[in-house]
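> Dropping a prediction and its sequence here:
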Amino acid sequence: MEAAIVIMALLFFAFVALGVYATVKVVKAAKRGVDRTINQARRTVEDTTLRAKSYGQGGVAGELAQLRLSLRTSMRATQDALQAGVAEDASLKESLDLFRRLSAHGQELDEDLKRLEREPDRSRVAGQLTDLRARTEQITQSADSLRWAARDRARKFAEDDLSSLSQQIDVEAGALRHWSEPAAQDPASGDFSWPDASAAAPGAERGQVWPAEAEAEAAPRPDAQAAGAQAQGQQEPPPAITARDPRLASYPWEKSARPETTN
């Protein structure tokens, strides 16, 4: 009885622990989903704001907004392309590592641009625009280079696979259109195709002639040779030999028949 109680208690605690673990996993997954949604909404709002500033404002503020927008657009597109391609092409892992290092520089530049947007001294900010523009162009060019290289690689693999598939389909289509009867195979190959009875040699209707029997039939027999010689020596055929009537046969134990008298 005590053993049964202990087993029931252990099962209860096991189910409780399993429920707690499942609850924690669900809560963490939900939290990640909420954070992902919030981050995506924040990025959408920031991109919309930057796009509005770049088109609606001029001067230093518009220039900073344009730099931030081009930087964020290029980095996000490259990140999406590499993360999507690394699942199919493992060689892109190194490119993804390089992009992470580039992202650190891009994040630092974005923070500098964001801070300069709140800088009241516009003249000082205008003096740094040349350097900021050069840094932005360098980072975006590197990101674009990685993205287009990954896309060219994926397109090349797709073209090679399509070309190989087309060749295989052409071969298969040709095989499907080849509906003529296959020729008899070579006996050395191991697969034999016996000829049809109608196309067999003379005498084949008696059955298959094996090589030993064929040689025996082809060789001349002694009686055939004698008959041939006699036929050559005489023009007329020899008289036929008829068998004796069994009723006229005489045996040693029989008496000779007396001749009948004609009195």
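Looks like it arrived, so ask away. Residues are numbered from 1 along each chain as shown.

> any idea where the helices of this protein begin and end?
Using DSSP state H, the helices of the chain run over residues 2-56, 59-86, 92-117, 122-177, 211-218, 222-233.

> elements contacting the longest one?
Using 3 or more C-beta pairs under 8 Å, 6 or more residues apart in numbering; DSSP states H and E as the contact criterion, the elements in contact with helix 122-177 are helix 59-86, helix 92-117. C-betas here are computed from N, CA, C, even on glycine.

> closest to Arg135 out of these?
Nearest to Arg135, of all these, is helix 92-117, at 5.5 Å by C-beta to C-beta.

> Report all helices and strands that that closest one contacts.
Going by 3+ C-beta pairs under 8 Å, 6+ apart, helix 92-117 lies up against helix 59-86, helix 122-177.

> Return the set of buried residues in the first one.
By that I understand helix 59-86. 60-61, 63-72, 74-75, 78-79, 81-82, 85-86 (16 or more other C-beta atoms under 10 Å).

> Any chance of the helices and strands packed on helix 122-177 in JSON lines with mean pLDDT and distance to Ser164 as columns?
Below are these laid out as JSON lines (pLDDT from 0 to 100; distance: least, C-beta to C-beta, whole Å):
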{"stretch": "helix 59-86", "mean pLDDT": "89", "distance to Ser164": "20"}
{"stretch": "helix 92-117", "mean pLDDT": "91", "distance to Ser164": "22"}
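
> closest one to Gln141 among those helices?
Of all the helices and strands packed on helix 122-177, helix 59-86 comes closest under C-beta to C-beta, at 8.6 Å.

> Next, the angle helix 92-117 makes with the closest one.
Helix 59-86 runs at 160 degrees relative to helix 92-117, counting by axes from the mean of the first three to the mean of the last three C-alpha atoms, to 10 degrees.

> in terms of contact count, name the helices or strands touching helix 59-86.
Counting contacts by 3+ C-beta pairs under 8 Å, 6+ apart, helix 59-86 is packed against helix 2-56, helix 92-117, helix 122-177.

> Most tightly packed of those?
helix 92-117 (a mean of 15; mean count of other C-beta atoms under 10 Å).

> Lowest mean pLDDT across the helices and strands packed on helix 59-86, which one is that?
Ranked by mean pLDDT, these end with helix 2-56 at the bottom, a mean of 80.

> Which neighbouring elements make contact with that helix?
Packed next to helix 2-56, using 3+ C-beta pairs under 8 Å, 6+ apart, are helix 59-86.

> Compute the inter-axis angle for the helix it packs on and helix 2-56.
Inter-element angle recorded for helix 59-86 and helix 2-56: 140 degrees (by the same axes, to 10 degrees).

> start at 86 instead
Okay, using 86 as the starting number, the last item reads as helix 144-171.

> Now do helix 144-171 and helix 207-262, the angle between them.
Helix 144-171 runs at 30 degrees relative to helix 207-262, counting by the same axes, to 10 degrees.

> Alright, calling it a day.
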